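Enquirer: Based on what follows, work out the 3D shape:
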Amino acid sequence: ILLLNRMTNGGRKRENLSCGLELECCPSIFQALNSVKDHGFEFIVIPFIEPLNITSLSKPLSKLTEKCELNSSIRDCCSSRADLTLDASDWSSLVVCRVSGFIQCDSPDVAVQRKSEEKLLSELNYASYLNVPAVLIPLNKKCNANLARIVHNFCLGLNHFIFWIELPLLFQEGDELDSWKSWNELRMINNYSKRLALILRVTADLPSQELWRKWIAEPVKCLIIDVDVFQLSKSSAEPCLSEAHRKFIRTIVNNNPAVQMVLSGSNTLPDGADLSEYYGYLNTLWKDKSPIDTIQDHSTGWENYLQIPLQPLQDNLESCTYEIFEKDPVKYPKYQDAIELALKDKLKSSDHIVMMVLGAGRGPLVRCAIAAAKLAGCADYTLYAVEKNPNAVVTLDYLKQTHWGDTVRIVSQDMRDVELEDKADIVISELLGSFGDNELSPECLDGATRLMKPDAISIPSSYRSHIVPISSHVLHTESLNSRELDKAWDACLETPYVVRLVNYQSLAETRKLFEFHHPNRDANIDNTRQAQVDFVSNDTSVINGIAGYFDTTLYKDIELSIVPKTHSEGMFSWFPIYFPLKNPVAVTKGETISVHFWRCLNKHKVWYEWCLSEPLPTAIHNPNGRSYFIGK
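Expert: All right, here's what the predicted structure looks like:
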């Protein structure tokens, strides 16, 4: 694994920042690498071309390249770096090559444009020959369509390096969003290629909060920080950054834990300055992340990782899956509170209470019911544990023998088919998925209504799905690359995914979509749903998909939620769900975003369909459940 692309070392998280040094002029790569390693840096960023007859590392390369005309050979004033100066393993892990600054592939001058294409392809081919891990290409103007085309076509060949696309946080001239628009144009022309990496050059002037949010949502691979951005500490005369710069960098690091940094402009260091102090400062800043909360502690490594939602009705869950959910510190105490409150209400009109845990799994809700009964002062009760997974029933039987005794009656059967001698006063279940109803809680609980008394209480009593359009380069790229060989090419873009959202931007406030109540005693139960939800975009951006959440009322005022604004603090049992769009849709600030959703079903399956009608109509995604469905 290339040093430039790895976060771990021997299975352990990195303990220190991966930081490189950008050299404007580098006659001796071997000496430069030895020198930067002594100061704590791991790699170097150098120009492709090597000036002839240069002995000073501090002599600016720009003075030489200004003499190189595009109509003449680079070799007239410079030479390509010989591969024998380093071992192949060092080329492939310690060096990033920067394309020549005089290349202008989008110049209005056709002759300059063509010569630039020729020079760029020559350098890219040589980079492939050297097997460097990355090639850095700076974008200094808004329109780079021809450069994007060249990069796209080059990626189709037999080469493997990553394109580091460098952009300043702000262009010196033009609109504030021009820098982000340049990145957006290039990545869209390249169809969100995984071989593009965003490199941000941190400027002295920081962007507004609006643009700040956009950069934070992007998959930033590396930050380039010029020595001129640093200040000298008044107390120790050591280099430091302003509070605003520190806050920005910490935020980037929190959203991109594997981000690297590059120190630039070392040839302009103040007299007596020590490179080691700059690395030490950046390393300390990189380590100074936000404190890890419960959710982060249990989801490290799962950031932006797409997972197909579980189907516990169709498939039997594994023991390790049950174990993960049982560790949630919030969900089960809330369930226990809800059961206790329901028991107290039932005890007002009945001496003997029948409780049923439908979908008991390995018994966490059974334990909650027993504890709640004790707290509520309910000694006379019958408790059923109904579970269809025969493997989990083994665990339930063991717990009955060792802990519960005759307190619990275990039933190994599907709740929709089981017949019991008692009717339930309280039905308890945890059949909710990341979208509320996506694990078929409505179908299961409606099928078990016959087990309930007319005045029975269902825990949960209701649940609601919520949606919001989002922009996320990472999720769109991951969706594109989730294709399965035995399915249609676009099936991966018609499949919802459960994902720990990190690099994304919500483009509006989250709004409610569907709602279900239990027990459902309608004469004709219909669990199909359809809805149009309108949003007003809060930013100029690109819509890559729809993020889905849910909240639930367990009983009365006891609730659980994964909706961002009302998220139950510390709860990690559910990640959000993500519905991709096949083609990203551009949207401007203030425009209406109209999202349409359908919950469809037949005798054998349930599925979702979705599309946009504004700002641009899209095709219906997942028609007839052709790419994804939940089996009954």
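Enquirer: I'd say residue 238 and residue 232 touch.
Expert: Yes - here residue 238 reaches residue 232: they are 7.1 Å apart, a contact under C-beta atoms under 8 Å. Every C-beta, even on glycine, is put in place using the N, C-alpha and C of the backbone.
Enquirer: Same drill for the two, tell me which one is more crowded.
Expert: More neighbours surround residue 238 than the other of residue 238 and residue 232, with 15 against 12 (other C-beta atoms under 10 Å).
Enquirer: what ranges do the strands span in the stretch 351-500 of the chain?
Expert: Taking DSSP state E, counting those that start in this stretch to define them, one finds strands in the stretch 351-500 of the chain at 353-358, 381-386, 408-411, 424-429, 452-459, 462-471, 497-498.
Enquirer: which one of those lies closest to residue 177?
Expert: strand 462-471 (13.2 Å; C-beta to C-beta).
Enquirer: just to revisit the earlier point, turn the strands of the stretch 351-500 of the chain into TSV, columns for distance to residue 86.
Expert: Converted to TSV, the strands of the stretch 351-500 of the chain look like this (distance: least, C-beta to C-beta, whole Å):
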stretch	distance to residue 86
strand 353-358	65
strand 381-386	65
strand 408-411	67
strand 424-429	62
strand 452-459	66
strand 462-471	40
strand 497-498	42
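Enquirer: So which of the ones you listed is nearest residue 613?
Expert: Of all these, it is strand 462-471 that lies closest to residue 613, at 12.4 Å by C-beta to C-beta.
Enquirer: That closest one - contacts with which helices or strands?
Expert: strand 505-506, strand 511-517, strand 529-536, strand 541-555, strand 577-587, strand 592-601 (3 or more C-beta pairs under 8 Å, 6 or more residues apart in numbering; DSSP states H and E).
Enquirer: which neighbours does that strand have in its sheet, and in what orientation?
Expert: Applying DSSP bridges, strand 462-471 is found paired with strand 505-506 (antiparallel), strand 511-517 (antiparallel), strand 541-555 (antiparallel).
Enquirer: Low-confidence bits of the protein, can you list those?
Expert: Along the chain, segments meeting pLDDT under 70 span 1-13, 50-81, 234-236, 268, 270-272, 290-299.
Enquirer: Can you tell me the centre-most residue of it?
Expert: What sits nearest the mean C-alpha location of the chain, by C-alpha atoms, centre = their mean, is residue 304, with 2.5 Å.
Enquirer: residue ranges for the helices of the stretch 101-250 of the chain, please.
Expert: 110-130, 145-155, 178-189, 209-217, 243-255 (DSSP state H, counting those that start in this stretch).
Enquirer: residue contacts, the residue nearest to the centre of the chain?
Expert: Neighbour list for residue 304: 472, 474, 475, 478, 499, 500, 501, 502, 503 [criterion: C-beta atoms under 8 Å, 6 or more residues apart in numbering].
Enquirer: what sits against the fourth one?
Expert: Contact analysis of residue 478 by C-beta under 8 Å, 6+ apart lists 304, 305, 306.
Enquirer: gap between it and residue 301?
Expert: 15 Å (C-beta to C-beta, to the nearest Å).
Enquirer: doesn't residue 211 make contact with residue 541?
Expert: No - between residue 541 and residue 211 there is no contact under C-beta under 8 Å: 10.9 Å.
Enquirer: neighbour count winner among the two?
Expert: Comparing residue 541 with residue 211 by other C-beta under 10 Å, the one with more neighbours is residue 541, at 24 against 17.
Enquirer: residues near the closest residue to that one other than its chain neighbours, how many?
Expert: Using C-beta to C-beta, 6 or more residues apart in numbering and skipping the chain neighbours, the partner closest in space to residue 541 is residue 471 (4.5 Å). If you count neighbours by other C-beta under 10 Å, residue 471 ends up with 26.
Enquirer: Any figure for the gap between residue 471 and residue 430?
Expert: 33 Å.
Enquirer: Ok, residue 163 next?
Expert: Here the criterion is C-beta to C-beta. By it, residue 163 lies 46 Å from residue 430.
Enquirer: Then residue 418?
Expert: Counting by C-beta to C-beta, the separation of residue 418 from residue 430 is 18 Å.
Enquirer: So which of these two has more stuff around it?
Expert: More crowded of residue 418 and residue 430, by other C-beta under 10 Å: residue 430, with 25 against 18.
Enquirer: Can you give me every residue that contacts the more buried one?
Expert: Contacts for residue 430 were tallied using C-beta under 8 Å, 6+ apart; they are 331, 335, 359, 361, 364, 365.
Enquirer: Please apply the same query to residue 564.
Expert: Residue 564 makes contact with 506, 510, 549, according to C-beta under 8 Å, 6+ apart.
Enquirer: and the contacts of residue 304 as TSV, adding distance to residue 124?
Expert: Below are these laid out as TSV (distance: C-beta to C-beta, whole Å):
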residue	distance to residue 124
472	29
474	25
475	29
478	26
499	34
500	35
501	35
502	31
503	27
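Enquirer: Please list the members of those residues that lie in helices.
Expert: Within those, residues falling in helices by DSSP state H are 474, 475, 478.
Enquirer: Would you agree the second one is in contact with residue 498?
Expert: Right, residue 475. No - in this structure residue 475 lies outside contact range of residue 498 using C-beta under 8 Å: 11.8 Å.
Enquirer: Quick check: neighbours shared by those two?
Expert: With C-beta under 8 Å, 6+ apart as the test, residue 475 and residue 498 both reach 306, 578.
Enquirer: re the thing from before, so which of the strands of the stretch 351-500 of the chain gets nearest residue 196?
Expert: Among the strands of the stretch 351-500 of the chain, the nearest to residue 196 by C-beta to C-beta is strand 462-471 (16.1 Å).
Enquirer: Give the buried residues for the closest one.
Expert: By neighbour count on 16 or more other C-beta atoms under 10 Å, the buried set for strand 462-471 is 462, 463, 464, 465, 466, 467, 468, 469, 470, 471.
Enquirer: do the same with stretch 558-566
Expert: 558, 559, 560, 561, 562, 563.
Enquirer: Can you give the distance of that stretch from its chain's centre?
Expert: 20 Å (C-alpha atoms, centre = their mean, to the nearest Å).
Enquirer: Check stretch 370-387 too.
Expert: Relative to its chain's centre, stretch 370-387 lies at 41 Å (C-alpha atoms, centre = their mean).
Enquirer: Relative to residue 95, how far out is the nearest residue to residue 40 once chain neighbours are set aside?
Expert: Using C-beta to C-beta, 6+ apart and skipping the chain neighbours, the partner closest in space to residue 40 is residue 279 (3.9 Å). To residue 95, residue 279 is 18 Å away according to C-beta to C-beta.
Enquirer: Of the two, give the one with the bigger neighbour count.
Expert: Neighbour count, other C-beta under 10 Å: between residue 279 and residue 95, residue 95 has more, with 26 against 22.
Enquirer: where's the nearest residue in space to the more buried one that is not next to it in sequence relative to residue 17, distance?
Expert: Nearest residue to residue 95 in three dimensions, chain neighbours excluded: residue 132, at 5.4 Å (C-beta to C-beta, 6+ apart). In this view, residue 132 and residue 17 are 21 Å apart by C-beta to C-beta.
Enquirer: who's more crowded, the two?
Expert: Each of residue 132 and residue 17 has its neighbours counted (other C-beta under 10 Å); residue 132 has more, 25 against 20.
Enquirer: closest one to residue 36 among the strands of the stretch 351-500 of the chain?
Expert: Nearest of the strands of the stretch 351-500 of the chain to residue 36, taken as C-beta to C-beta: strand 462-471 at 36.6 Å.
Enquirer: ok, back up a step: hmm, which two among the contacts of residue 430 are most spread apart?
Expert: Greatest spacing in the contacts of residue 430, by C-beta to C-beta: 331 and 359 (14.0 Å).
Enquirer: In contact with the most far-flung residue of the chain relative to its centre, which residues?
Expert: In terms of distance from the mean C-alpha position of the chain, residue 351 ranks first, at 51.0 Å (C-alpha atoms, centre = their mean). Counting by C-beta under 8 Å, 6+ apart, residue 351 touches residue 380.
Enquirer: State the phi and psi torsions of it.
Expert: Backbone dihedrals for residue 351, given as degrees, to the nearest 10, come out at phi -90, psi -30.
Enquirer: how close does it sit to residue 378?
Expert: For residue 351, the distance to residue 378 - C-beta to C-beta - is 9 Å.
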